[in-house]
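[1] Next input, structure requested:
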Amino acid sequence: MIIGFTLTSIACFTYIFVHNQLRLVVAQVSLGLGNAVRNPADDGLYSKFLSRSQEASGWGSWEAMSYITTAVSSIIGGYITSYFGFNALFFVMGVCSLCAVLTSFLLKNSNRFLNSEEL
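    Next comes the predicted model:
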């Protein structure tokens, strides 16, 4: 999961330097690889802590949250782009992704979450 977030962060910052089609393809492939590495790990970790009796509603909530987050992020991204330009948007995306890398790394090294049966 950390590798996926790292690849996503790199891809977000790579968009700042896109000035031709080849660089755009490299940025898109990097973003795709990051998501391809991260998404199965996310889903597997989420599945591990779902109770069997609430599996359908748990996945429904997870997917709804994902789509709502995408919608809200698109609106915020539109405002950032309108007022500050695309480079500012890509910078903010990269910083948010770096925060995800740091959070994942800290949680990975925290025994409090890894060994908890309460989740």
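
[2] From here on, just use CA atoms for contacts and neighbour counts.
    OK.

[3] Show the average pLDDT along stretch 11-24.
    For stretch 11-24, mean pLDDT is 92.

[4] What's the end-to-end length of it?
    This stretch, stretch 11-24, spans 10 Å end to end (C-alpha to C-alpha, to the nearest Å).

[5] if we look at that stretch, which residues are touching it?
    27, 28, 30, 31, 86, 87, 90, 91, 93, 94, 97 (C-alpha atoms under 8 Å, 6 or more residues apart in numbering).

[6] What is the nearest of these to residue 62?
    residue 97 (19.5 Å; C-alpha to C-alpha).

[7] ok, for that closest one, nearest residue in space, not its chain neighbours?
    Spatial nearest neighbour of residue 97, excluding adjacent residues (C-alpha to C-alpha, 6 or more residues apart in numbering): residue 9 at 4.9 Å.

[8] what's the spacing between the longest helix along the chain and its chain's center?
    With secondary structure taken from DSSP state H, the chain has its longest helix at helix 55-84. Mean-position distance between helix 55-84 and its chain equals 11 Å (C-alpha atoms, centre = their mean, to the nearest Å).

[9] need the next SSE after it, C-terminal direction.
    helix 86-108 (DSSP states H and E).

[10] contact partners of that next one?
    Here helix 86-108 makes contact (C-alpha under 8 Å, 6+ apart) with 1-2, 5-6, 8-13, 15-16, 77, 80-81, 113-114.

[11] For ChimeraX, write the selection for the buried entries among those residues.
    Of those, the buried ones can be selected in ChimeraX as follows, counting by 16 or more other C-alpha atoms under 10 Å:
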select :1,2,5,6,8,9,10,11,12,13,15,16,77,80
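
[12] From the contacts of helix 86-108, which land in strands?
    Among these, the subset assigned to strands under DSSP state E is empty.

[13] Can you list which of the contacts of helix 86-108 are found in helices?
    Those of the contacts of helix 86-108 lying in helices (DSSP H): 2, 5-6, 8-13, 77, 80-81, 113-114.

[14] Which residues are in contact with the residue of the chain positioned farthest from its centre?
    Farthest-out residue of the chain from its mean C-alpha position, per C-alpha atoms, centre = their mean: residue 53, at 27.9 Å. For residue 53, the contact set (C-alpha under 8 Å, 6+ apart) is empty.
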